[in-house]
Every structure is written in structure tokens, then in C-alpha cells.
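Novice: This is a predicted model, with the sequence first.
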Amino acid sequence: MNQILSLREKRAQAWDAAKAFLDEKRGSDGLISAEDAVTYDRMEAEVVNLGKEIERLERQASIDRELSAPASAPITGKPGSGASEKTGRATDEYARAFWKSMRRKGVNFDIQNALQAGTDTEGGYLVPDEFERTLVDALQEQNIFRQLAHVITTSTGDRKIPVVATHGSAAWIDEEGAYVESDDTFGQVSIGAYKLGTMIRVSEELLNDSVFDLPSYIATEFARRIGSAEEEAFFSGNGTGRPTGILNAAGGAQVGVTAASATAVTLDEVMDLFYALRSPYRKRAVFLTNDATVKALRKLKDTTGQYLWAPSVTAGTPDTILNRPIYTSAYMPVMAAGAKSVVFGDFSYYWVADRTTRSFKRLNELYAATGQVGFLASERVDGKLVLAEAVQALQQKSA
């Protein structure tokens with residue numbers, strides 16, 4: 001942890017040096033020479049690299065904490081005194097049978113009986129409850145959107161979410177005057193479920209090796225693939241066969257500001273975006289953008305000469321713009337004609353609906369000729385912005 005704090009301080013110092021260099025080398029026209037631009041880019045790259053190293057060390061520290069946790073908790077009370085008994089897919093018997101069936105081609109009847117609690121309608125088996133929590137945690141690590149959105153679990157059918165479309169209002173009334181009717185009007189947002197799946201292949205030798213940690217490998221690899229596909233859809237999905245993304249023209253964020261340039265943003269435009277979002281939403285709002293756009297935002301200053309972007313010096317907290325957190329994603333578009341390069345809002349109004357649980361299936365024969373075994377993983381998920389005004393977008397000028 002001391003190393004992380006030291007790197008954060010070093011990053012802040014490097015950023016102060018980069019700002020000072022930029023201010024010193026600016027000409028009367030506000031620009032710097034090509035030679036100075038190369039120097040500044042090198043200084044800014046150091047800031048970026050320090051940020052990435054901090055993220056790596058924080059992930060490493062998180063893994064170390066998880067691995068150093070005790071494997072089992074000590075018994076502090078009398079056996080059988082109020083301890084809740086695991087049932088269904090939470091039982092230890094089901095978990096053991098599940099992973100034995102994943103490792104072995106032939107399984108006995110005892111294992112088959114134990115797996116009846118999680119039989120999937122498409123021939124696979126629902127993952128054990130404890131493992132599903134591990135996979136969901138891994139998805140949150142891979143998927144920035146799940147950390148910001150409101151995640152719910154549905155069982156069957158579409159989920160109908162009631163939304164107030166227009167609010168009623170009060171009116172001044174004369175003595176003995178009649179009350180004026182002013183009702184709220186309500187709408188509904190329907191969230192369904194779209195299927196997302198992937199497959200991996202593992203050699204039989206590796207699979208039968210007792211040293212190989214199959215649950216950990218599957219959790220990490222499936223989470224990486226599914227998390228990436230989810231995040232892309234949560235940003236740019238069109239609602240056809242996949243979720244409706246935050247950037248989609250229909251059902252996505254409102255366009256709060258249109259930039260004057262197709263490839264640049266100004267301080268005034270970022271300020272306009274900030275205030276395009278109504279104040280109740282600004283309390284929990286965050287910025288989302290691409291790494292390339294953050295590079296441009298780092299150079300913007302307010303009227304007092306203070307830079308808009310502020311690096312975080314506290315472990316576990318993001319960098320800020322206008323005192324609000326800023327997050328980056330590779331699935332946010334770069335600054336280009338007509339692109340929504342920055343979004344700002346309260347992303348808890350984007351609802352992610354997980355349909356029941358995730359399912360695994362083992363393929364024994366398909367890759368038998370090459371000595372491999374296939375594993376399928378699938379989930380059903382949907383996502384929609386239930387209140388458009390809660391997120392505002394900055395759109396670049398069209399070509």
C-alpha cells in the first residue's frame with residue numbers, strides 16, 4: 001500500500017511538472033512549438049504510465065488479500081445450533097458434482113443425481129451459487145459499466161419498470177376556489193433478456209492435471225470475454241439482439257451539447273455538458289470517455305488558470321473533472337465527426353437485468369480428435385437507460 005501511495009504522489013508531481021512546462025512554453029497564441037509538444041507528450045505519457053502501474057498494483061493487492069484469506073472459518077458455536085443448511089445449487093455436494101462433471105467425460109449415477117438440482121433446459125448445468133458470485137465479481141472487475149449501473153436479477157418474462165413521464169404541479173387558488181387537477185403521467189420501460197455466450201477449449205492433459213485450477217481459469221477467462229462483450233453492448237448496443245446502449249440514438253443518453261469542432265472539445269463545452277444535467281442528477285454523476293479524449297481534456301484550464309483534470313492521490317478513488325469522477329472505457333468513441341465522445345450523468349438509471357443464472361456445458365466429442373474438451377458458457381442479460389434525462393452526452397460536430 002505504501003508503494004501505491006508513493007506512486008500516486010509521484011504521479012501528482014509529474015502532472016504538476018507537465019502543467020508548469022505547458023504554461024511556460026505556451027506562446028501568445030496559446031500554442032506550443034512542435035519540439036515542445038513532443039516533450040510535453042513524453043511527460044504526459046509518464047503520468048499515464050504511472051496511473052496504469054497504480055491500477056496493476058491495486059489489482060495485485062486485491063488478489064493477494066483474497067488468496068491470504070482463511071480457507072475456512074473457525075467453529076465458534078455449538079454444531080447444529082442455528083447454522084443455515086445449504087440447499088439446491090448452494091450445497092457442497094452439488095459443487096463437487098458440478099466440477100467433477102466438468103473435468104471428466106464419464107460420471108457415475110451419484111454425480112448425475114446430485115446435478116439434478118441445476119439441470120439446464122439446453123443440456124448444460126447451472127453453475128454453483130458460490131461460483132456464480134465469483135464470476136459476477138470478476139465481471140465487475142472486467143466491466144466498468146456494471147460498477148456504475150443498477151443491476152437486478154429477473155426470473156421469467158420481461159421486467160416492466162414504471163417511469164414518471166411528466167410531473168404534476170401545484171397552483172395558487174383563490175378563496176373558495178376549485179383545485180386544479182394536475183396528474184402525473186406514467187410510462188413503462190420493458191427489460192427482457194438477450195443471450196450471450198462463448199466457448200473455450202482445454203487440452204485433456206491440462207484438464208486431468210490436478211494442479212490445474214479449472215474453476216479459477218474458467219471464472220477469469222469467461223469473465224474477460226463476457227465482460228468485454230457486455231460493456232460494448234451497454235455502450236453502443238442498438239437493442240436488436242443485444243441491450244440498448246447508452247450511446248444509441250433511440251433510448252440512449254440525451255445530447256446535451258454539440259461541440260463546435262469534429263475533433264476537439266473546449267472548456268466551455270465541458271462546462272455546458274456539466275450544467276446540461278439537472279442538479280439532482282449531478283450529485284451522483286460521473287464522466288465517461290475514451291483515453292484519447294482524456295488526453296485532450298488534460299490540457300483544458302478554467303478562467304483562474306486551474307487545469308480541468310485533477311489526478312487522484314488517494315488509493316481507490318478515480319481522477320476527477322469539475323470535482324466529479326471520470327472513468328474511461330475502450331468502447332467510448334474517440335473524438336470524430338458526429339461521435340458522442342463524452343457522457344456525463346447518473347448511471348444508476350441504466351438498469352442491467354440478469355436473467356436467473358449462468359449456465360455451463362461440456363462438449364466431449366466435438367474436439368476429441370485433437371485431444372481437447374470444449375466448454376460453453378452462456379447468460380441472458382439486457383440493459384436499458386430507464387430515464388433519458390439522467391445522462392447527457394457531448395456530441396462532436398457532424399462533418
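Specialist: Good, I have the coordinates.

Novice: Tell me where the stretch 151-300 of the chain has strands.
Specialist: For the stretch 151-300 of the chain, strands defined by DSSP state E, counting those that start in this stretch occupy the ranges 159-166, 185-191, 194-203, 254-258, 286-289.

Novice: The third one pairs with which strands, and in what direction?
Specialist: Spelled out, it's strand 194-203. Take DSSP bridges as the rule and strand 194-203 pairs in its sheet with strand 372-385 (antiparallel).

Novice: Taking their axis directions, the partner strand and strand 254-258 sit at what angle?
Specialist: 80 degrees (axes from the mean of the first three to the mean of the last three C-alpha atoms, to 10 degrees).

Novice: Need the contact partners of the helix or strand following strand 372-385.
Specialist: Once strand 372-385 ends, the next helix or strand along the chain (criterion: DSSP states H and E) is strand 391-395. Under the criterion C-beta atoms under 8 Å, 6 or more residues apart in numbering, residues 246-247, 252-259, 265, 269-270, 273, 276-277, 338-347, 349-350, 385 lie in contact with strand 391-395. Quick note: C-beta positions are derived from backbone N, CA and C, even for glycine.

Novice: Return the subset of those lying in helices.
Specialist: Counted as lying in helices by DSSP state H, out of those, are 269-270, 273, 276.

Novice: C-alpha coordinates for stretch 226-246, PDB please?
Specialist: C-alpha atoms of stretch 226-246 as PDB (Å, rounded to 0.1, in the frame of the first residue of the first chain):
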ATOM      1  CA  ILE A 226     -18.400 -11.900 -21.400                       C
ATOM      2  CA  GLY A 227     -17.500  -8.700 -19.600                       C
ATOM      3  CA  SER A 228     -16.000  -7.200 -22.700                       C
ATOM      4  CA  ALA A 229     -19.000  -8.200 -24.900                       C
ATOM      5  CA  GLU A 230     -21.400  -6.800 -22.200                       C
ATOM      6  CA  GLU A 231     -19.600  -3.500 -21.900                       C
ATOM      7  CA  GLU A 232     -19.500  -2.900 -25.600                       C
ATOM      8  CA  ALA A 233     -23.300  -3.600 -25.800                       C
ATOM      9  CA  PHE A 234     -24.000  -1.300 -22.800                       C
ATOM     10  CA  PHE A 235     -22.300   1.500 -24.600                       C
ATOM     11  CA  SER A 236     -23.200   1.000 -28.300                       C
ATOM     12  CA  GLY A 237     -25.800  -1.700 -28.500                       C
ATOM     13  CA  ASN A 238     -28.800  -1.000 -30.700                       C
ATOM     14  CA  GLY A 239     -31.400  -3.100 -28.800                       C
ATOM     15  CA  THR A 240     -31.700  -5.700 -31.600                       C
ATOM     16  CA  GLY A 241     -30.500  -9.000 -30.300                       C
ATOM     17  CA  ARG A 242     -28.500  -7.200 -27.600                       C
ATOM     18  CA  PRO A 243     -29.000  -4.500 -24.900                       C
ATOM     19  CA  THR A 244     -29.700  -0.800 -25.800                       C
ATOM     20  CA  GLY A 245     -26.500   1.100 -25.300                       C
ATOM     21  CA  ILE A 246     -26.100   4.500 -23.600                       C
END
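
Novice: Give me the buried positions along it.
Specialist: Buried positions in stretch 226-246, judged by neighbour count with 16 or more other C-beta atoms under 10 Å: 226-227, 229-239, 242-246.

Novice: what residues are up against Trp317?
Specialist: Actually, residue 317 is Thr. It isn't Trp. Pro325.

Novice: And it, its phi and psi?
Specialist: Thr317 adopts backbone torsions of phi -110, psi 140, taken as degrees, to the nearest 10.

Novice: Separate out the buried members of the contacts of strand 391-395.
Specialist: The buried subset of the contacts of strand 391-395 (16+ other C-beta under 10 Å) comprises 246-247, 252-253, 256-257, 259, 265, 269-270, 273, 276-277, 339-347, 349-350, 385.

Novice: what's the spacing between stretch 245-259 and its chain's center?
Specialist: 18 Å (C-alpha atoms, centre = their mean, to the nearest Å).

Novice: So which residues make contact with it?
Specialist: Outside stretch 245-259, the residues that touch it by C-beta under 8 Å, 6+ apart are 233-239, 244, 265-266, 269, 272-273, 276-277, 288, 332-333, 340-341, 343-345, 347, 350, 383-385, 388-389, 391-397.

Novice: Any buried residues in the strand or helix carrying Glu58, and which?
Specialist: Under the criterion of DSSP H and E, Glu58 resides in helix 34-68. Neighbour counts over helix 34-68 (16+ other C-beta under 10 Å) mark 36, 40, 43-44, 46-47, 50-51, 54 as buried.

Novice: Ala149 is in contact with Tyr350, correct?
Specialist: Yes: Tyr350 is within contact range of Ala149, at 4.5 Å (criterion: C-beta atoms under 8 Å).
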